[in-house]
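K.L.:
no sequence for this one, just the structure:
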Ligand SMILES: Nc1nc2c(c(=O)[nH]1)N(C=O)[C@@H](CNc1ccc(C(=O)N[C@@H](CCC(=O)O)C(=O)O)cc1)CN2
Ligand SMILES: Nc1ncnc2c1ncn2[C@@H]1O[C@H](COP(=O)(O)OP(=O)(O)OP(=O)(O)O)[C@@H](O)[C@H]1O
């Protein structure tokens with residue numbers, strides 16, 4: 001009998017090991033690589049999701065080599081769209097979102113992530129979620145705060161959830177738990193993966 005190669009999903013306590021490994025791999029990318037990969041991701045989003053350009057789109061300020069989507073958000077703004085950045089009000093709660101424009105003042109939040117200090121609070125119709133890891137069914141590994149799971153579970157209607165990340169974030173199975181909210185689609189430098197219609 002031939003052995004079938006099979007990597008079992010991580011037990012919940014090993015998610016942090018996987019998360020740290022994937023974050024370290026991304027942090028190993030050069031600034032030049034991040035710029036090229038980010039451009040490719042923005043191109044796929046622009047071409048593949050034309051319906052987003054007039055919407056309220058939540059995204060994340062790029063930290064730790066996350067994809068830089070700012071040029072795309074500015075382009076959508078010029079076409080009538082609005083952009084929003086997450087604001088952690090309290091841990092263990094859904095994220096709030098505040099409008100971001102080029103002139104919006106930002107200050108580091110408790111994690112050091114630049115966050116709007118003024119401007120209207122918005123409800124996103126679409127969320128572009130950075131992924132540290134993502135599996136074949138569209139389950140995502142973030143930083144372990146559970147913020148986006150809580151946010152997706154709390155918003156009605158649920159926003160379209162599009163993961164953004166690099167091919168190096170793909171794993172077979174993150175071992176989803178009941179609270180994990182799957183992505184609708186994933187965009188990497190290689191293109192678009194749709195997980196549900
Ligand atoms: N760029 C960016 N902004 C984002 C997110 C993101 O994924 N990327 N978030 C996506 O949700 C939210 C922030 N989520 C975070 C969750 C945990 C930690 C973190 O470092 N946790 C520490 C514990 C720190 C503490 O509790 O004081 C840890 O896990 O070691 C950071 C950010 C909102 N802003
Ligand atoms: N809807 C929810 N209600 C209550 N607790 C939740 C909910 N979603 C997630 N959690 C809790 O948040 C914690 C972190 O979850 P998880 O490891 O999936 O975070 P993550 O998706 O990697 O992080 P993030 O979304 O902040 O980037 C878990 O302990 C989980 O119990």
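P.N.:
Received it, and whenever you're ready, just let me know what you need. These numbers were taken from a predicted model, which means no experiment stands behind them. Ligands and ions are numbered 1, 2, ... in the order given.
K.L.:
most centrally placed residue in this structure?
P.N.:
Nearest to the mean C-alpha position of the chain, by C-alpha atoms, centre = their mean, lies residue 129 at 1.6 Å.
K.L.:
Doesn't that residue lie inside a strand?
P.N.:
Yes - secondary structure of residue 129 (DSSP: H, G, I helix; E, B strand; the rest coil): part of a strand.
K.L.:
isn't it right up against residue 148?
P.N.:
Yes - applying C-beta atoms under 8 Å, one finds residue 129 in contact with residue 148, separated by 5.4 Å. C-beta: built from backbone N, CA, C; applies to glycine.
K.L.:
Give me the helices and strands touching the lengthiest helix in the chain, please.
P.N.:
Of all the segments assigned as helix in the chain under DSSP state H, the longest by residue count is helix 31-48. Other helices and strands packing on helix 31-48, by 3 or more C-beta pairs under 8 Å, 6 or more residues apart in numbering; DSSP states H and E, are helix 70-78, strand 160-164, strand 185-188, strand 191-194.
K.L.:
residues from the protein in reach of ligand 2?
P.N.:
With C-beta under 6 Å from any ligand atom as the criterion, the chain meets ligand 2 at residues 15, 141-150, 153, 179-180.
K.L.:
where along this protein do the helices fall?
P.N.:
Under DSSP H, the chain gives helices at 15-27, 31-48, 70-78, 147-154.
K.L.:
Take these and lay them out in CSV including mean neighbour count and mean pLDDT.
P.N.:
Compiled in CSV, the helices of the chain are given as follows (neighbours: other C-beta atoms under 10 Å; pLDDT from 0 to 100):
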stretch, mean neighbour count, mean pLDDT
helix 15-27, 15, 96
helix 31-48, 16, 98
helix 70-78, 17, 98
helix 147-154, 18, 96
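K.L.:
of all the ones you listed, which lies closest to ligand 1?
P.N.:
Between ligand 1 and the helices of the chain, the shortest separation by C-beta to the nearest ligand atom is 3.5 Å, and it involves helix 147-154.
K.L.:
number of nearby residues for the closest residue to ligand 1 within the chain?
P.N.:
Proximity of the chain to ligand 1 (C-beta to the nearest ligand atom) peaks at residue 145, 3.0 Å away. Using other C-beta atoms under 10 Å as the criterion, residue 145 is surrounded by 13 other residues.
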